[in-house]
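**Student:** need coordinates for the below:
(chains A and B)
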Amino acid sequence: DTGVSQNPRHKITKRGQNVTFRCDPISEHNRLYWYRQTLGQGPEFLTYFQNEAQLEKSRLLSDRFSAERPKGSFSTLEIQRTEQGDSAMYLCASSWLAGGSNEQFFGPGTRLTVL
Amino acid sequence: QKEVEQNSGPLSVPEGAIASLNCTYSDRGSQSFFWYRQYSGKSPELIMSIYSNGDKEDGRFTAQLNKASQYVSLLIRDSQPSDSATYLCAVMPGQNFVFGPGTRLSVLP
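**Tutor:** Here you go, the predicted model:
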């Protein structure tokens, strides 16, 4: 399977706990994006990487959120001290920036529930 | 604020009809435009991308772009019940994507 994968698919946690999600992009893709989506809304941009460099971070992303992409391969998104408002679907997407094409392909997402 | 607007719907069409989905965007510098389909509980699936003014056809789908009017649309011909989903418009004003809220399409048998 050469698509984008995400783990875990579901995560239930208690308020105040830390959680970490993993995304494995399509192997030849150099860009990786994180989004958050709540019911009835489109995906909301969080951050993106080109290779291992984090190039942009949404102003909506609080200091409790951090993302890494060591060696330009998989990426992790960590949420510290989770709050109930963090409950959402967290989506990862990857793309190959070349020749003007910027098509992004999404993974299945990680659904986070904060109790 | 870079915004992408869509009618939330639901848009209901009979099976076999043409479904027309519309999207407007605020950033005139946007150069890349995308339509995604999202089934309930699933992640978005890319349908089409369009970069130049005019029409782009792929099977039953046609994307239309008018940069002067800041408008992009998606036509679905011969709509099928399996097309029932939320359709997301995405615009790339810089290096990241801005998504609209999506239009829910219901194709009635």
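
**Student:** what about A:Y35, neighbour count?
**Tutor:** 26 (other CB atoms under 10 Å in any protein chain shown). Glycine gets a C-beta too; all of them are placed from N, C-alpha and C.

**Student:** now chain B against chain A: closest residue?
**Tutor:** B:F99 (3.2 Å; CB to the nearest CB).

**Student:** can you tell if stretch B:67-87 touches chain A?
**Tutor:** No. Counting by CB under 8 Å from any CB of the partner chain, chain A is not contacted by stretch B:67-87; separation bottoms out at 8.8 Å.

**Student:** so which bits of stretch A:11-26 are buried?
**Tutor:** A:11, A:13, A:19, A:21, A:23-26 (16 or more other CB atoms under 10 Å in any protein chain shown).

**Student:** returning to that earlier point: neighbours around the residue of chain B closest to chain A, how many?
**Tutor:** B:F99: 23 neighbours (other CB under 10 Å).

**Student:** quick check on it: phi, psi?
**Tutor:** Here is the backbone geometry of B:F99 (degrees, to the nearest 10): phi -100, psi 150.

**Student:** try B:P81
**Tutor:** Phi and psi for B:P81, reported as degrees, to the nearest 10, are phi -50, psi -30.

**Student:** got it, and A:S62?
**Tutor:** Per degrees, to the nearest 10, the backbone of A:S62 is at phi -80, psi 170.

**Student:** mind checking how far it is from A:E83?
**Tutor:** 9 Å (CB to CB, to the nearest Å).

**Student:** now swap in A:K11 and tell me
**Tutor:** Separation of A:K11 from A:E83 (CB to CB): 14 Å.

**Student:** please apply the same query to B:I18.
**Tutor:** Counting by CB to CB, the gap from B:I18 to A:E83 is 44 Å.

**Student:** do A:H29 as well
**Tutor:** From A:H29 over to A:E83 (counting by CB to CB), the distance is 31 Å.

**Student:** these two: who's more crowded?
**Tutor:** Taking other CB under 10 Å, A:H29 and A:E83 do not tie; A:H29 has more neighbours (16 against 12).

**Student:** phi, psi of the nearest residue to that one once chain neighbours are set aside?
**Tutor:** Using CB to CB, 6 or more residues apart in numbering or on different chains and skipping the chain neighbours, the partner closest in space to A:H29 is A:S94 (3.8 Å). Torsion angles at A:S94 (phi, psi; degrees, to the nearest 10) stand at phi -130, psi 160.

**Student:** now do B:D83
**Tutor:** Residue torsions, per degrees, to the nearest 10, at B:D83 are phi -80, psi -10.

**Student:** is the residue of chain B closest to chain A in contact with A:P43, as I believe?
**Tutor:** Yes. Applying CB atoms under 8 Å as the test, B:F99 and A:P43 come out as touching, 4.9 Å apart.

**Student:** okay, and the common contacts of those two?
**Tutor:** Each of A:35, B:88 lies in contact with both B:F99 and A:P43 under the rule CB atoms under 8 Å, 6 or more residues apart in numbering or on different chains.

**Student:** where does pLDDT dip in the chain?
**Tutor:** Chain wasn't specified; assuming chain A. Along chain A, segments meeting pLDDT under 70 span A:1, A:99-100.

**Student:** right idea, wrong chain: chain B
**Tutor:** Across chain B, the ranges flagged by pLDDT under 70 are B:1-2.
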